[in-house]
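Q: Structure for this input, please:
(one chain, ligands or ions: 1)
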Amino acid sequence: MRLAMPPDMEPDDDLREPEVRTWFRKFSDALRGLKIAFRSEINFFVHLFVAVIAGVAGGIVTMTDERWCIFIICVAVVLSAELFNTAIERLARAVTREEHPEVRDALDIAAGAVLVVSIGAAVVGVLMIGWPFVAQITR
Ligand SMILES: Nc1ncnc2c1ncn2[C@@H]1O[C@H](COP(=O)(O)OP(=O)(O)OP(=O)(O)O)[C@@H](O)[C@H]1O
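A: Next up is the predicted model:
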């Protein structure tokens, strides 16, 4: 079966070679995404600020390598969730600027994902850094 060609498509459009993207190009596109997200979302600075404070407190209580790994994974997971949330917000805005119940659900679900990992990371931070830090300074 031959599908009808969209009106804005030239006859040879579907025969063109797909663009070969180098690893350098993919990497620079990913860095561009990071830059856009960090510039447009205050949430990243809030997460980074909390991470820096926790990192300094972690340095004071002298954590083991394993604990540093858990700390780094927590920070990476929270920032990744925030990046996905930002990406979904951008897509939603591109799809429609009108009120839409399913867009609302999608945005709220994405925000819920950030909330879940943030609470998880906060609990890990309190158990692994907060309490040892308080114990050390009140000794
Ligand atoms: N097109 C839409 N239709 C229906 N509800 C929407 C729509 N756009 C946004 N909302 C609602 O408004 C909320 C905030 O959306 P917005 O994209 O402005 O997020 P934000 O204020 O930048 O949030 P965040 O702090 O997570 O980045 C969404 O969680 C959703 O409930």
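
Q: need the residues of the protein near the ligand, please.
A: 41, 43, 85, 89, 92, 96, 99-100, 103-104, 107-108, 111 (CB under 6 Å from any ligand atom). For glycine as for every other residue, the C-beta is placed from the backbone atoms N, C-alpha and C.

Q: out of those residues, which are buried?
A: Glu41, Asn43, Asn85, Glu89, Ala92, Val103, Leu107, Ala111 (16 or more other CB atoms under 10 Å).

Q: Just flag the most distant two among the residues you listed.
A: Taking CB to CB as the measure, those span a maximum distance of 19.4 Å, between Asn43 and Val103.

Q: so Phe71 touches Ile129, yeah?
A: Yes: using CB atoms under 8 Å, Phe71 is in contact with Ile129, at 7.3 Å.

Q: Find residues that contact each of those two.
A: The contact sets of Phe71 and Ile129 overlap at Ala54, Gly58, Met63 (CB atoms under 8 Å, 6 or more residues apart in numbering).

Q: Which one of these sits in the busiest neighbourhood?
A: Ala54 (22 neighbours; other CB atoms under 10 Å).

Q: Can you pull the phi/psi pair for that residue?
A: The phi and psi torsions at Ala54 (degrees, to the nearest 10) take the values phi -60, psi -40.

Q: For this structure, just list every one of the helices.
A: 23-40, 42-60, 65-95, 101-125, 131-137 (DSSP state H).
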